[in-house]
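Mind folding the following:
(2 chains)
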Amino acid sequence: MDEKPNTEEKKDTLMTRRYFLEFVGGGAILVAATGSAVLTGQFLSPNVLREPSLRFKAGSVEIYPPDSITLDKEQKVFIVRAKEGYFYAISAVCTHLGCIANWKSEDDIIACPCHGSKFDKEGRIIDGPAPRPLQRFAIMVDEQGQLIVDKGVIVSEDTILKV
Amino acid sequence: MKKLLHQLYRSQVWRSIFRHGLPESNRTRAEAVFYNFFLHVHPTKVRKRSVIFSYTWGLGGLSFGLFIVLVATGALLMLYYRPSAPQAYWDMKDLQFVVSSGQFLRNMHRWAAHAMVAVVFLHMLRVFYTGAYRPPKEFNWVIGVILLVTTILLSYTGYLLPWDQLSFWGISVGTNMIRAMPLGLGEKVSFLLLGGNIVGENALVRFYVLHCFIIPVAAIMLMVIHFWRVRKDGGV
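Numbering: from 1, shown residues only, chains lettered A, B, ... in the order given. So this is what the prediction gives:
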């Protein structure tokens, strides 16, 4: 059999048919795999959350006597009214691992039942593994004298609401 | 009687299932092991030392046995359990007080789960103390460690399913630990795991799917490789 000339040379310089098809096929699989990975990632992240609103009404100003601390168990928020009459709202969710802390009137502290973190009335850390003070939420009063707390807005530790 | 048995051994049905003679010679004894699907996970020959019970304490086999118990009881529990809030809790209570043998199956699932974590851990200790992680078994040790993690993950994802106070706070604390991951990764991972920002209905369904499908399938695939490697390395 006669060998065709230049075959060897062509193999060295040009892409062979086999390599071309492998390249195209492999590329197509790679593109499809990347696409489905991205789509699956998006699928796993929900677009609509039917979680309770972060903003809630906490009742009228009058129901909170001065020098009181009230835990709203459902909202996981302490509504605090100081001796001087001003308000602030602090989160009852412990900054350690998310348990709900309680007000201990006998010791004048907020204490977490899970791992023993302790906070004062302002939410500052006294003791325990908590890494940060309790969050303070925006609190405002509407025209009807109703308190509104927004857990979506975190305010600095000296923000108060005067009424 | 003996004649009847011999007739059975010669019948086509028997011979189509067992394609070797009775284990009377070394050859047929070996064939009995490697022509049988359930026995072929064992090597045809093992070292005498590793058959001594106190060498392995049968801990790997016990782990697998407990896994079988968990799959069987878990599949039965799934028939009465709906992963929705607050229905999940009442289904769990129904299993305890209304369904025949429900309490028994649930407790069996629970205790086998606790036992499996303990036994898998003891299995790891045994492998460590007998030096069975040394070459050529390093990779099987790695698979074993992943299987230990898989066991713990199965235990943890099952923890949420009763949907009571204990499970709710257990998962709250656990996912808050994930939030501590660096580079802002924690928030993302915990959001994807819970399907939201709080331990709610989405989280329950996700943990249910992980517990009943994704992690068990992963565990079975890893186990297949684990056992195959054990066999190739001449273990029991």
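
got the end-to-end distance for stretch A:44-57?
33 Å (C-alpha to C-alpha, to the nearest Å).

ok, and what's touching that stretch?
A:72, A:75, A:146-152, B:191-192, B:195-198, B:200-202 (C-beta atoms under 8 Å, 6 or more residues apart in numbering or on different chains). Just so you know, the C-beta spots here come from the backbone N, C-alpha and C atoms, and that holds for glycine as well.

give me the number of residues near residue A:124?
13 (other C-beta atoms under 10 Å in any protein chain shown).

That one - nearest residue in space that isn't next to it in sequence?
With sequence-adjacent residues excluded and distances taken as C-beta to C-beta, 6 or more residues apart in numbering or on different chains, residue A:124 is closest to residue A:133, at 4.9 Å.

returning to that earlier point: can you turn the buried subset of the contacts of stretch A:44-57 into a selection I can paste into PyMOL?
Those of the contacts of stretch A:44-57 that count as buried under 16 or more other C-beta atoms under 10 Å in any protein chain shown are selected in PyMOL with:
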select buried, (chain A and resi 75+147+149+150+151) or (chain B and resi 191+195+196+200+201+202)
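
hang on, the earlier thing: check the gap between the residue nearest to residue A:124 and residue B:30 for me.
Per C-beta to C-beta, to the nearest Å, residue A:133 is found 71 Å from residue B:30.

What of residue A:116?
Taken as C-beta to C-beta, the span from residue A:116 to residue B:30 is 63 Å.

Ok, residue B:114 next?
Counting by C-beta to C-beta, the gap from residue B:114 to residue B:30 is 39 Å.

More neighbours: those two, which one.
Ranked by neighbour count (other C-beta under 10 Å), residue B:114 and residue B:30 place residue B:30 first, with 15 against 11.

quick one, phi psi at that one?
Dihedral angles of residue B:30 (phi, psi; degrees, to the nearest 10) stand at phi -70, psi -40.

so where does the closest residue in space to it that isn't next to it in sequence fall, helix or strand?
Using C-beta to C-beta, 6+ apart and skipping the chain neighbours, the partner closest in space to residue B:30 is residue B:44 (4.4 Å). Here residue B:44, judged by DSSP states H and E, is contained in no helix and no strand.

Kindly report the same for the one 10 residues further on.
Here residue B:54 is covered by helix B:53-56, with elements defined by DSSP H and E.

Quick check: buried residues in stretch A:84-100?
Neighbour count says stretch A:84-100 has A:87-100 buried, by 16+ other C-beta under 10 Å.

The spatially most central residue of chain B sits in which helix or strand?
The residue lying closest to the centre of chain B (C-alpha atoms, centre = their mean) is residue B:67, at 3.3 Å. Assigned by DSSP H and E, residue B:67 belongs to helix B:59-78.

And that helix, how far out from the chain middle?
6 Å (C-alpha atoms, centre = their mean, to the nearest Å).

Let me see the residues that make contact with that helix.
B:95, B:105-106, B:108-109, B:112-113, B:115-116, B:119-120, B:122-123, B:126, B:151, B:154, B:212, B:216, B:219, B:223, B:227, B:230.

Could you pick out which of those residues are located in helices?
B:95, B:105-106, B:108-109, B:112-113, B:115-116, B:119-120, B:122-123, B:126, B:151, B:154, B:216, B:219, B:223, B:227, B:230 (DSSP state H).
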